[in-house]
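J.: I'll drop the sequence and a predicted model, then ask my questions.
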Amino acid sequence: MTLLAACLALVCVAGTFADEKKEKQEKKKVESVNCPVAGKEIKIADAKTVSYRNANVYVCCDNCKGKMEKDSAPFAAKANHQLVRTKQYRQTKCPLSGGPIDKEQKLKVAGQLVKFCCEKCQGKTAAAEGDEQLALVFADAAFDKGFTAVKKKKD
């Protein structure tokens with residue numbers, strides 16, 4: 001019986017270590033993103049910057065910069081997604097309900113791990129695909145419910 005308990009404890013520790021390692025990898029600095037206007041992958045170092053939600057959204061060219069500055073609404077979900085990917089915003093609540101997060105209810109949405117309050121919200125998002133799924137989580141209303149700006153560190 002003691003051997004069984006020791007084995008279970010070892011499995012739990014190994015699982016926790018794997019989860020921590022995965023979180024650390026996701027916290028690495030992002031070097032490239034998708035332009036929310038054109039959709040193509042760009043290196044942040046080479047990108048044009050647009051001020052959006054008191055943060056920076058990265059676009060591929062001056063044409064996309066102009067479109068984003070003129071009217072960001074058509075690109076909001078993709079721009080909001082980028083703000084999270086670049087760690088300028090972080091998730092604090094469920095984007096669908098605005099309720100507290102249940103860490104067991106999670107799903108990758110366009111490469112970004114998103115957590116939900118319940119199985120219903122997670123399931124609704126999992127059932128959607130592509131831009132519909134992205135909009136469920138990152139459209140302005142959902143983004144306002146679930147995400148907050150990361151405070152900038154002082155130099």
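T.: Great, that's in hand. Residues are numbered from 1 along each chain as shown.
J.: looking at the protein, which helix or strand is least sure?
T.: helix 2-26 (a mean of 50; mean pLDDT, DSSP states H and E).
J.: and stretch 30-44, average pLDDT?
T.: The average pLDDT within stretch 30-44 is 96.
J.: Please work out which residues outside that stretch touch it.
T.: Outside stretch 30-44, the residues within contact range by C-beta atoms under 8 Å, 6 or more residues apart in numbering are 45, 47, 57-61, 64, 67-68, 75, 78-79, 81-82, 85-87. C-beta: built from backbone N, CA, C; applies to glycine.
J.: sorry, back to before: next helix or strand past the least confident helix or strand of the chain?
T.: Counting by DSSP states H and E, the next helix or strand C-terminal to helix 2-26 is strand 32-34.
J.: Direction included, what does whichever helix or strand comes after that next one pair against?
T.: Following strand 32-34 in sequence order, the next helix or strand is strand 41-43 (DSSP H and E). The strands beside strand 41-43 in its sheet (DSSP bridges) come out as strand 32-34 (antiparallel).
J.: Buried only: go through the contacts of stretch 30-44 for me.
T.: 47, 57-60, 64, 67-68, 75, 78-79, 81-82, 85-86 (16 or more other C-beta atoms under 10 Å).
J.: and Ile101, backbone torsions?
T.: The phi/psi pair for Ile101 (degrees, to the nearest 10) reads phi -80, psi 140.
J.: how about the helices in this structure?
T.: All helices of the chain, identified by DSSP state H, fall at 2-26, 62-70, 76-85, 119-127, 130-138, 140-146.
J.: mind listing what's buried in stretch 47-55?
T.: Those would be 47-48, 50, 52-53, 55, for stretch 47-55 by 16+ other C-beta under 10 Å.
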